[in-house]
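>>> Task: produce atomic coordinates for the following.
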Amino acid sequence: MGSGRIDIPESKTLTVLLDENNEVFAYEGQFEIAVQNRKIIQTGYHVVDGIGKLIREKQKVLSQTNGNKDELIYLIKPLKKSSYGNVIDALDEALINDVKKYLIVEPDKDEIKHFNKS
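Below is the predicted model:
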């Protein structure tokens, strides 16, 4: 049996961790490397500067490097204190920005530990 993990190309991923009070933490690639390089971005659901902006920026990079913005894989990870509304808002951003590949998945242990959530 496998580990239950799915191998996803790091260069194509944008992960958002949804937290309480409409806080969102986003990173690209592997979590450990993002932490080490201080590449975790705090954002929210604002129309201009929120998750949507990060999605559009990642799509632009993928379009320029791979020739296909549809390669984006958008991972939505609700933390324990996030709300159902936060998940819906994150899904809305996928639809608004025409993201073809998105998943709602559980945060892993390192992410939970980092954000001090149990």
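>>> tell me which element the residue nearest the centre of the chain falls in.
With distances taken as Cα atoms, centre = their mean, the chain has residue 15 as the residue nearest its mean C-alpha position (2.0 Å). According to DSSP states H and E, residue 15 maps onto strand 13-18.
>>> How about residue 113?
Element membership of residue 113 [criterion: DSSP H and E] is helix 109-114.
>>> so the closest residue to the residue nearest to the centre of the chain other than its chain neighbours bridges to which residues?
The shortest distance from residue 15 to any non-neighbouring residue, by Cβ to Cβ, 6 or more residues apart in numbering, is to residue 75 (4.3 Å). Glycine gets a C-beta too; all of them are placed from N, C-alpha and C. With DSSP bridges applied, residue 75 shows beta-bridge pairing to residue 15, residue 103.
>>> Please tell me I have it right and residue 75 contacts residue 13.
Yes - at 6.1 Å, residue 75 and residue 13 qualify as touching, with contact defined as Cβ atoms under 8 Å.
>>> what's the spacing between the residue nearest to residue 15 and residue 41?
14 Å (Cβ to Cβ, to the nearest Å).
>>> The two: who's more crowded?
Counted by other Cβ atoms under 10 Å, residue 75 and residue 41 do not tie: residue 75 has more neighbours, with 19 against 14.
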